[in-house]
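Asks: Predicted model and sequence follow; I will ask about them next.
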Amino acid sequence: MPEENGNGKNGNRVGLLERVKAGVKEDVQSLKTDMPAKAKEQIEGLKDPTKTQVFTSIFRHKHDDTPRNRALGVLSNVFLHLHPAKINRDAVRYSYTWGMGGITFYLFIVLTFTGVLLMFYYHPSKVQAFRDVLYLEHDVPFGKLLRNMHRWAAHLMVIAVWLHMFRVFLTGSYKKPREFNWNIGVLLLVFTLLLSFTGYLLPDDQLGFWAVTVGTNMARATPLLGHEGPFGKMLGMTPYNDVRFGLLGGSIVDANALLRSYIWHCIGIPIVASVLMIVHFWRVRKDGGISGPAPVMLTEEADKPRRSA
Amino acid sequence: MDWRQLWEICSAPDNVPIVGLIPLLIFYIYLAWKQAKANDELIGELETSPAMAKTHHRKTWPFRPGWQKEIHVWPFLLRIEFLAAIIVTIILMVWSITLSAPLEEPSNPNLTMNPAKAPWYFLGLQEMLVYFDPWIAGVVMPTLIIVGLMVIPYIDTNPLGSGYYTWKQRKFAIGTFMFGFVILWVAMIIIGTFIRGPGWQWFWPGQTWDHNRLIYEVNRDLPDLFGLTSNLAKAIFGAIVVGGYYLAGGFLVHALFRRYNPRDYKRMSLLQYSIMMFFWLTMVALPLKMLLRLAFNIKYVWITPWFNV
């Protein structure tokens, strides 16, 4: 009620106006002082972006150069935590490791990347396949580079896998407790070769066609399961039901073989190989990391129980 | 000397990986040999002086008390991996820009390529087709190679040489693997790539690939040389020869192995020993069969109505 204030007419109304005025004045004042202050503070803050909420929400620890942060940099990163925080000081020597396992994995990533891009331009059908490769070579921007890179990376991967196996053998790294991981590695070697082989047919040119024809003709001769193999005929094998038929989806390298090869190449084998890679890398860690370079052992120590590490 | 022919083979895009593989392999064998030699010298020194063996850090690289035994993965390992990825990417880029992946004419089942070659990494197996029937060269041999690689960690009972390069401590293992990998696998690939021409005939490097060349070879079977004519006699004779090879060869290897590898011989179980024997003798049978064929024109040793060896 206005009358209740007892300070004359319209007192309350004047008070309201003054209060609004004063309030607005305050607001303006705060705009003048607070905002620049905040802005200044924030600009100051930007000089050290590591303290922003966005940054701390992404990176879970500080980055000043302390041993703890170096370790956390590896351990708190989902991709890098494949590695331990610390390793044997000699384990980084290239002359020992040759780096071929890592290079193989990197090439697999390169192949996945270029392979997915190639898939955008490729139809696995007899009518289209060869034309798509021509299209890639001549019309798609960087298409030729893409195809070349996919092919050369595949060849390089085969070489890198062999050299990796060679190094692992020469350093005796398959010995206890790494026997199982060597076996996973052998399977990965086989799948690398199969990946490369299934990709060979895909351009649907003479080179791929005859290479795959030569390759799969061997399957005719599979003992028991091939129609030209030992004991195959006795088990009722014909060109239309033997193991080669199963591989090609037909009795000759044709449309079905192209499709099968495409699916094995792009989906089937990469999935199996990826699963095996996960096991392979995990076992490297579980089996105690990279095998060496270990201190040399002397002959008379061979049959004595090992000192516990 | 047909330089043009030589250049054509060496510069065929899909042969370039093998041209690259040869120097790579030589380099890495050298790298491994150098470290094996240094380690073997260290082992020799330590074995002659037990006092030194107790205090030495047992690596050929320097280490002083007070140095940390372990280093951080970040940055000491990750920087190497990053660098390796960059270098591989650059190599791939340059390779892909300068050399195009091969693309022949569209596939044509009515026009056989001559020579029709498998992808280069399978050429060792294709070379084996000269000496063995497809069921051996194409099916049994790859299976034995895979299984043979997988059993290695379980039959190699030598605890020495785990995690460092050595030759003295693992002569048998390393010698066998080098023979299998470098001679039987890589050298066969090199022959398949550079030597084998039209009709899978032998053309020396620099010899013109003559598509009309004919070779008059009369291949004989071993039973024929002994005048055997009936199927039964041939089958029994072949079984005796092949079985005899495994028995006599096994006895010879046994005599040598227990003399020169007494420690391994003592450690190995009967199962391990017989598996090792089987794979070793089978591997050595390969060049022996090649010799029979190349030097004496003998095609089959064992002839049965169902299969020939």
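Replies: The structure has been received and is ready for your questions.
Asks: The nearest residue to A:Asp254 once chain neighbours are set aside in helix, strand or coil?
Replies: Leaving aside its sequence neighbours, A:Asp254 sits nearest to A:Lys126 (CB to CB, 6 or more residues apart in numbering or on different chains; 7.0 Å). Glycine gets a C-beta too; all of them are placed from N, C-alpha and C. Assigned by DSSP: H, G, I helix; E, B strand; the rest coil, the conformation of A:Lys126 is coil.
Asks: What count of nearby residues applies to A:Lys32?
Replies: Burial of A:Lys32 is recorded as 10 neighbouring residues (other CB atoms under 10 Å in any protein chain shown).
Asks: Spell out which helix or strand contains it, please.
Replies: For A:Lys32, the host element (DSSP states H and E) is helix A:11-46.
Asks: Could you check the pLDDT of the closest residue to B:Ile136 other than its chain neighbours?
Replies: Leaving aside its chain neighbours, B:Ile136 sits nearest to B:Val309 (7.0 Å; criterion: CB to CB, 6+ apart). Among the per-residue scores, B:Val309 holds a pLDDT of 88.
Asks: Tell me if I'm right that B:Val309 and B:Ala137 touch.
Replies: No: with contact defined as CB atoms under 8 Å, B:Val309 does not count as touching B:Ala137 (11.3 Å).
Asks: tell me the contacts of B:Ile71?
Replies: Contacts for B:Ile71 (CB atoms under 8 Å, 6 or more residues apart in numbering or on different chains) come out as A:Lys86, A:Ile87, A:Asn88, A:Arg89, A:Val92.
Asks: Oops, could you answer that again for A:Ala273 instead?
Replies: A:Phe108, A:Leu188, A:Phe191, A:Thr192, A:Leu195.
Asks: measure it to chain B for me?
Replies: The spacing between A:Ala273 and chain B, counted by CB to the nearest CB, to the nearest Å, is 15 Å.
Asks: Quickly find the element holding that residue.
Replies: helix A:269-286.
Asks: Please identify the buried residues of that helix?
Replies: A:Ile269, A:Pro270, A:Val272, A:Ala273, A:Leu276, A:Met277, A:Val279, A:His280, A:Phe281, A:Arg283, A:Val284 (16 or more other CB atoms under 10 Å in any protein chain shown).
Asks: can you pull the pLDDT of the first one?
Replies: According to the model's per-residue confidence, A:Ile269 sits at a pLDDT of 97.
Asks: Assign a three-state SS to the residue nearest to it when sequence neighbours are not counted, would you?
Replies: Leaving aside its sequence neighbours, A:Ile269 sits nearest to A:Leu195 (CB to CB, 6+ apart; 5.1 Å). Recorded secondary structure, A:Leu195: helix (three-state DSSP).
Asks: Report how many residues lie close to A:Leu195.
Replies: A:Leu195 has 24 neighbouring residues, counting by other CB under 10 Å.
Asks: who touches it in this structure?
Replies: With contacts defined as CB under 8 Å, 6+ apart, A:Leu195 is in contact with A:Ala154, A:His265, A:Ile269, A:Pro270, A:Ala273.
Asks: Sort out which one of those residues lies nearest chain B for me.
Replies: Among these, A:Ala154 lies closest to chain B (CB to the nearest CB), at 9.3 Å.
Asks: avg pLDDT for the helix or strand hosting the closest one?
Replies: Taking DSSP H and E as the definition, one finds A:Ala154 inside helix A:143-170. The pLDDT scores in helix A:143-170 average 96.
Asks: same for it, what does it pack against?
Replies: Contact analysis of helix A:143-170 by 3 or more CB pairs under 8 Å, 6 or more residues apart in numbering or on different chains; DSSP states H and E lists helix A:100-119, helix A:129-138, helix A:179-201, helix B:16-48, helix B:78-98, helix B:171-178 as its packing neighbours.
Asks: Skipping adjacent residues, who's closest to the residue of the stretch 1-150 of chain A found nearest chain B in space?
Replies: At 3.7 Å from chain B, A:Asn148 is the closest residue in the stretch 1-150 of chain A, using CB to the nearest CB. Spatial nearest neighbour of A:Asn148, excluding adjacent residues (CB to CB, 6+ apart): B:Ser96 at 3.7 Å.
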